[in-house]
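Trainee: no FASTA, just this:
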């Protein structure tokens, strides 16, 4: 059985330590689903958003952490769309897919690591915004990085990865546009704290997710005390 869809699916951006499933919001642009009934007739289906599931075409996984591969240097992962467990096909007859862009939280220059260069990248961008630059047209990733040249959405990914104080569980973080993000000196400072912690912690004891959780929890408490 095949299910055919009218409409579109949306690409999105994720941290590589996110264990949550891909947002069903990827499928919000689907306006119609058609499937085969018991008589072999094609009928319109009532869309129930909760029945959408997703699967990476390489590993068959449904969440950013399990899909992410460090060797995937274009940070781009193709993900299949299913409805009630059945593969969904687009109007062109091909499997319906979207791109999930997945990277390391804090990696502002897209080199798969977090260090002082990322903090500097954030501060340069913040300085440009503070002097009136247009966030929509201003490239976020540094001029020296050619990675984003192949796909403008990688620049959006870099901005998302640098927006470190944005809650990973925020339901709209996966699709927020660069110009809607608040990327400032706070993000740069938090990236430096993460880098310092990572540099002084043994590989065996280090967890990126736990480290970010501690750093952001401490920041949240400090803000609440003010």
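Mentor: Alright, I've got the coordinates. This one's a predicted model, so the numbers in the text were calculated from it and none came from an experiment. Numbering: from 1, shown residues only.
Trainee: low-confidence stretches in the chain?
Mentor: For the chain, the stretches flagged by pLDDT under 70 are 142-146, 167-169, 220-226.
Trainee: quick one, helices of it?
Mentor: Under the criterion DSSP state H, the chain contains helices at 64-67, 116-130, 153-162, 185-199, 208-225.
Trainee: could you dump the ones you listed into CSV and include mean neighbour count?
Mentor: (Glycine included, C-beta is placed from N, CA and C.) Formatted as CSV, the helices of the chain follow (neighbours: other C-beta atoms under 10 Å):
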stretch, mean neighbour count
helix 64-67, 20
helix 116-130, 19
helix 153-162, 25
helix 185-199, 18
helix 208-225, 13
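Trainee: was I right to think residue 1 contacts residue 36?
Mentor: Yes: contact criterion C-beta atoms under 8 Å: residue 1 and residue 36 qualify, at 5.2 Å.
Trainee: which of the two has more neighbours?
Mentor: Each of residue 1 and residue 36 has its neighbours counted (other C-beta atoms under 10 Å); residue 36 has more, 14 against 9.
Trainee: which residues does the more buried one bridge with?
Mentor: Beta-bridge pairing for residue 36 (DSSP bridges): residue 42.
Trainee: contacts only, for it.
Mentor: Residue 36 sits next to 1-2, 42-43 when contact means C-beta atoms under 8 Å, 6 or more residues apart in numbering.
Trainee: repeat for residue 120
Mentor: Contacts of residue 120 (C-beta under 8 Å, 6+ apart): residue 188.
Trainee: check residue 161 too.
Mentor: Residue 161 neighbours (C-beta under 8 Å, 6+ apart): 13, 15, 103-108, 110.
Trainee: how about residue 125?
Mentor: 108, 138, 140, 162, 183.
Trainee: out of the contacts of residue 161, who's nearest residue 74?
Mentor: Nearest to residue 74 out of the contacts of residue 161 is residue 110 (C-beta to C-beta; 9.4 Å).
Trainee: from residue 127, how far out is the closest one?
Mentor: Distance of residue 110 to residue 127, computed by C-beta to C-beta, to the nearest Å: 20 Å.
Trainee: again with residue 71
Mentor: Counting by C-beta to C-beta, the gap from residue 71 to residue 127 is 34 Å.
Trainee: same thing with residue 177?
Mentor: Residue 177 sits 21 Å away from residue 127, going by C-beta to C-beta.
Trainee: residue 29 now?
Mentor: Counting by C-beta to C-beta, the gap from residue 29 to residue 127 is 36 Å.
Trainee: do the same with residue 18
Mentor: As for residue 18, its distance to residue 127 is 29 Å (criterion: C-beta to C-beta).
Trainee: now swap in residue 13 and tell me
Mentor: Distance of residue 13 to residue 127, computed by C-beta to C-beta: 24 Å.
Trainee: which residues touch the closest residue to residue 189 other than its chain neighbours?
Mentor: Spatial nearest neighbour of residue 189, excluding adjacent residues (C-beta to C-beta, 6 or more residues apart in numbering): residue 119 at 7.5 Å. By C-beta under 8 Å, 6+ apart, the contact list for residue 119 reads 108, 188-189, 191-192, 195.
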